[in-house]
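Peer 1: Below are the sequence and a predicted model for it; my questions follow.
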Amino acid sequence: MSIAAINEQLLRAVGVGIAVVRASDLGFVFHNQLFAEWFGTPGPDAALTDAIEGLQPDDLGPLCDEGLRYSAELKIKRKRRTLVFAINISQASHLNEALLVVECQNITRIRELESMIDSYSAMVERNTRELEREKERVERLLLNLMPRSVYEEFKTFGVVTPQLYPKVSVVMLDFVNFTDFASRTDPTVTLGELNDIFTAFDRIVEQYGCERIKTIGDAYLAVSGMPEPAPDHATAVAHCATRFLRYLDRRNQSHQHKWQARIGLGTGSAVGSVVGIQKYVYDVFGPAVNLASRLQVFANPMKIVAPDEMKEALSEEFRVTDIGLEDIKGIGEVHLVNVGDELGARQPSGRF
Amino acid sequence: MPQTIYEKYGGFSAISRVVMTFYEMALDSDQIGDYFAEVDMARLIDHQTKFISSLLGGPASFSDERLETVHRALAITHDDFDEMGALLKDALEQHGLSEPDVRATLAAIESKRNVIVHRDAA
C-alpha cells in the first residue's frame, strides 16, 4: 500500500469530518464519510459554503489572502438536534493549486458536558455554603453552652478534660419570692421577664470579662477567673453583683413586675468541665460555687453577701461592711461581709 | 442509612449518561421528539439529570409547582408521558440498572404524571 493510499484511508477513518476544497472556487476535491454524514454528500458543483450552512464566503477571504487559519464554532440544525461543530480551515497546496483543508469536530456532547459541570459545581458550591452556614450556627450554639477556650478543646479532642482553677470568684443571684410569682403568673410572662433580665445580666457579665455558666430556674450563676485566669476576679464578680442590683432597681421603677434579688459571692477553687456526652453542659463545681450559693440564700433582698476573705480585694472599690461570724449550713462558721455601692462609681469601661 | 439508587450506580455521572441516552432516543421518537427540537439541550440534560437524581435520592430537589410550571405550556398528553416512560426504561436498562431499580425509578416518575401531563389532556 502506498503512503498516499494510507493517507487517504486515514482521512476516511479518522473521527473528524474532513474535506479538501479548492481555494479558487471552494469546490470539493475530497471529503470523508463523517463529513458527508454531518453535512450531506456535496454535489459535483457544490461549494464548501453551500455544504456548511452558516459559513460565509467572506469568512474565508482573509484565509485565502493572508494564509491565516480559520477557526469557528458553528451551530447546525439536524432533524430536531442542534449540533455544535468546531471548524478549522487551513491552507495547503497540491501541484501548484491552492487548497483548503476543512476539519470539523462534533463538540455537541463536550458543550453539554461543560454546561453540566458548570451547573453542578454551582450546586456543590451552594451546598458547601449552606454547610458552612450550618457549621457556624452550630458553633454559635455551642459557644453559648461553653467558653470559647473549652469549645476549642472540645472541637480538637472531642472531650474536655476537667480542669481545676484554684483562684476564681463566683456570683450567684436568686430572686425573692420567685416561686410565688411564677405560680400566679402566666408562664410566658414569667419567661419573658426572666429572659429580659438575664439578657441584661449577660451583657453586664460580658462587660466585666466574666463568664455566665448557667441559669437554673430563676438562679443566675457567673464566674470570673476561669477558664482564663483573671487577677481581679473578686472585684469583677462584685462589680457584676452591684450592677445586677442597680439594673433591677432601675427596671423596677418603670416595669409592672418588681423584682428583688439576693446575691452571694464566693471565692476559692472550682472545677470546670463539660458534663454529658449527648447533652453538653459546661458546668462548674467546687468550694467557690458552694459558698456563693449558700451566701446567696443568707443574703437579705437586694443585698450582696461575700466571705470575709474577699474583703481585702473589694474594700478598695466597694463600700464593704462587716456582718460578723455566721453559721452557714453545710459550710460551718464563716466571717461575712456585706458588699455595698461602688466607691467613686468607676465606669466599667475604665477596666479596658 | 440504606444506599439510594442514586448512590448505588455512581451518582451524577451515571445518571447523566442515562439522561443523555434517553434524549438521543427521545429526539428520534416521532411521538415526543418535537418537544425537544427547539430547546437548549445542554440545559435540558442538566435539569433532567438533577430531576432524575432527586427522584432517586440524590442531592437536588424540584418542587411539584416548578415541574408543573415548566411543563404547562407544552400541553403534554398521556401518550407522550407513556412514550417517555418507555424510552427511559430502555435507557435505564441499557445502562445496567437492575430490574427492581428500573421499576422503582419508573414508579418515581409515574408519581409525577399528574404534575407533568397537561390537566385537560385525555
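Peer 2: It's in. Residues are numbered from 1 along each chain as shown, chains lettered A, B, ... in the order given.

Peer 1: need the residues of chain B near chain A, please.
Peer 2: B:12, B:16, B:20, B:27, B:33-34, B:36-37, B:41-43, B:45-46, B:49-50, B:59-60 (Cβ under 8 Å from any Cβ of the partner chain). In short, each C-beta sits where N, CA and C put it, glycine included.

Peer 1: ok, now with 7 Å
Peer 2: Listed as neighbours of chain A in chain B under the rule Cβ under 7 Å from any Cβ of the partner chain: B:12, B:16, B:27, B:33-34, B:36-37, B:41-43, B:45-46, B:49, B:59-60.

Peer 1: Assign the closest residue to A:Asp50 other than its chain neighbours to helix, strand or coil.
Peer 2: Spatial nearest neighbour of A:Asp50, excluding adjacent residues (Cβ to Cβ, 6 or more residues apart in numbering or on different chains): A:Pro42 at 7.4 Å. Secondary structure, DSSP: H, G, I helix; E, B strand; the rest coil: A:Pro42 is coil.

Peer 1: Any of the residues of chain B next to chain A buried? List them.
Peer 2: Neighbour-count burial (16 or more other Cβ atoms under 10 Å in any protein chain shown) applied to these gives B:12, B:16, B:27, B:33, B:36, B:41-42, B:45-46, B:49, B:60.

Peer 1: For residue 33, what are phi and psi?
Peer 2: Here I'm looking at chain A. Phi and psi for A:Gln33, reported as degrees, to the nearest 10, are phi -60, psi -40.

Peer 1: Chain B, not that one
Peer 2: phi -60, psi -40.

Peer 1: about what we covered before: what's the neighbour count on the residue nearest to A:Asp50?
Peer 2: 19 (other Cβ atoms under 10 Å in any protein chain shown).

Peer 1: Next: A:Met226.
Peer 2: 29.

Peer 1: which residues does the nearest residue to it once chain neighbours are set aside form a beta bridge with?
Peer 2: In space, and not counting its chain neighbours, A:Met226 is closest to A:Tyr165: 4.0 Å by Cβ to Cβ, 6+ apart. Applying DSSP bridges to A:Tyr165 yields these beta-bridge partners: A:Ala270.

Peer 1: Just the pLDDT for A:Arg346.
Peer 2: According to the prediction, A:Arg346 has pLDDT 50.

Peer 1: same check, this time on A:Leu291
Peer 2: 90.

Peer 1: Next, it: secondary structure please.
Peer 2: Under three-state DSSP, A:Leu291 comes out as helix.

Peer 1: and it, what is it in contact with?
Peer 2: A:266, A:268, A:307, A:331 (Cβ atoms under 7 Å, 6 or more residues apart in numbering or on different chains).

Peer 1: who wins for neighbours among the residues you listed?
Peer 2: A:Gly266 (29 neighbours).

Peer 1: Isn't that residue up against A:Val170?
Peer 2: Yes: counting by Cβ atoms under 7 Å, A:Gly266 does reach A:Val170; the two are 4.4 Å apart.

Peer 1: can you list residues touching both of the two?
Peer 2: With Cβ under 7 Å, 6+ apart, A:Gly266 and A:Val170 have common neighbours A:288-289, A:292.

Peer 1: picking that back up, which pair of the residues of chain B next to chain A spans the longest distance?
Peer 2: B:Asp34 and B:Pro59 (32.4 Å; Cβ to Cβ).

Peer 1: So which residues of the stretch 1-150 of chain A form strands?
Peer 2: Counting by DSSP state E, counting those that start in this stretch, the stretch 1-150 of chain A has these strands, from start to end: A:17-22, A:28-31, A:70-78, A:81-94, A:97-106.

Peer 1: So which of those strands has the densest surroundings on average?
Peer 2: strand A:17-22 (a mean of 20; mean count of other Cβ atoms under 10 Å in any protein chain shown).

Peer 1: got any ranges where chain B has weak pLDDT?
Peer 2: Applying pLDDT under 70 to chain B flags the ranges B:1, B:121-122.

Peer 1: hmm, 80 instead?
Peer 2: B:1-2, B:59-61, B:119-122 (pLDDT under 80).

Peer 1: if I pick the residue nearest to A:Met226, what's in contact with it?
Peer 2: By Cβ under 7 Å, 6+ apart, the neighbours of A:Tyr165 are A:225-226, A:269-270, A:272.
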